[in-house]
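A.B. asks: My questions concern the predicted model and sequence given below.
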Amino acid sequence: MRVRVPLIVTVVVFLAIATAHAGIELHQEHSFSAQAAATVVVDVSFHRVEVTATPGNTVDVVVDIEVKGDGKSSQKYLEALKPKFLEEGDKLIIRSTRKNGFNWKSVSAKGLVTVRMPPGMNLTVDSSSGSAQISGDFGDAVIRFDASSGSLTVDGAMRELHSDTSSGSVKATVNRPLEVFTADASSGSARLSGGAHRAKVDTSSGSMNLSGLLGNASFDSSSGGITAQWDAIPAGAKVRAGASSGGVTLRFPAGTVFAGSVDVS
């Protein structure tokens with residue numbers, strides 16, 4: 001269901017060029033009308049992403065990019081990185097990505113995307129090599145983070161949290177237990193405090209530490225320790241933990257009755 005608020009768009013672009021090798025800066029702002037249960041998609045390359053849940057009727061975005069390099073090359077690359085703001089069905093998309101065919105080695109760039117969005121909207125952050133910081137109460141929202149080499153920090157509340165990183169860590173502190181928490185990291189650690197009703201974590205070369213769990217859980221680690229603690233666990237819940245070269249510590253509430261088997265290899 002769409003919130004009936006007129007679309008507000010404000011765009012401000014500022015370019016500053018001091019010398020041929022100085023940085024070129026771009027500052028751009030945009031506002032979408034909020035849509036209940038829609039998904040905000042942040043699709044970026046190297047940018048740091050900061051998202052805050054704030055009550056309101058708009059999704060407010062600020063993009064700052066700085067490119068340093070040789071004169072015309074810097075301007076060309078900055079133009080390629082100029083953000084796009086798109087509405088596709090139930091998705092509100094913020095996109096600033098590097099294009100193939102450019103020699104990016106001749107320049108250096110950094111970027112920051114700041115988003116303020118109302119609770120109840122889902123969020124997806126897709127980044128090549130940037131980290132994300134997510135804070136605030138997102139209500140009944142699903143949040144996803146996908147990065148090749150970037151870390152995720154969360155401090156707030158949401159219904160589900162999913163993280164998939166090739167070489168980055170996830171550290172989440174939630175104000176109320178998640179319904180679902182998943183983390184998949186090739187070389188990074190996973191930390192969750194505040195709990196989840198269901199959890200699934202898979203790391204190739206990183207440790208995991210989860211607390212406040214309330215139900216089913218599955219943990220796999222190729223070369224890292226596993227530590228997990230439950231505040232409560234219902235009858236019939238299933239827990240699986242496998243570590244190729246790391247210790248496993250599972251803490252359950254007093255009086256928990258176990259059934260099944262333990263396999264340590």
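C.D. replies: Everything's here; your move.
A.B. asks: Would you mind listing the residues in contact with S166?
C.D. replies: Neighbouring residues of S166 by Cβ atoms under 8 Å, 6 or more residues apart in numbering: A147, S148, S149, A185, S186, S187. All C-beta spots, glycine's among them, are computed from the backbone N, C-alpha and C.
A.B. asks: same thing with S135?
C.D. replies: So S135 contacts E50, V51, T52, A53, V154, D155, G156 (Cβ under 8 Å, 6+ apart).
A.B. asks: Number of residues surrounding the first one?
C.D. replies: Counted with other Cβ atoms under 10 Å, the burial measure for E50 works out to 17 neighbours.
A.B. asks: low-confidence ranges in the stretch 101-250 of the chain?
C.D. replies: 101-105 (pLDDT under 70).
A.B. asks: ok, now how distant is G242 from L250?
C.D. replies: 12 Å (Cβ to Cβ, to the nearest Å).
A.B. asks: Sorry, slip of the keys, the one I care about is L192.
C.D. replies: Counting by Cβ to Cβ, the gap from L192 to L250 is 14 Å.
A.B. asks: same question, Y77
C.D. replies: In this view, Y77 and L250 are 50 Å apart by Cβ to Cβ.
A.B. asks: Can you tell me the SS state at the nearest residue to H47 once chain neighbours are set aside?
C.D. replies: Nearest residue to H47 in three dimensions, chain neighbours excluded: G111, at 3.5 Å (Cβ to Cβ, 6 or more residues apart in numbering). Put simply, G111 is strand when judged by DSSP: H, G, I helix; E, B strand; the rest coil.
A.B. asks: can I assume G111 is in contact with E50?
C.D. replies: No - using Cβ atoms under 8 Å, G111 is not in contact with E50; the gap is 11.5 Å.
A.B. asks: D220 contacts V201, doesn't it?
C.D. replies: Yes - counting by Cβ under 8 Å, V201 is a contact partner of D220 at 7.4 Å.
A.B. asks: the more surrounded of the two?
C.D. replies: It is V201, of D220 and V201, that has more neighbours when counted by other Cβ under 10 Å, with 27 against 18.
A.B. asks: tell me what the helix or strand where the more buried one lies is packed against?
C.D. replies: V201 belongs to strand 196-203 when assigned by DSSP states H and E. For strand 196-203, the elements it packs on are strand 178-185, strand 190-193, strand 208-213, strand 217-221, judged by 3 or more Cβ pairs under 8 Å, 6 or more residues apart in numbering; DSSP states H and E.
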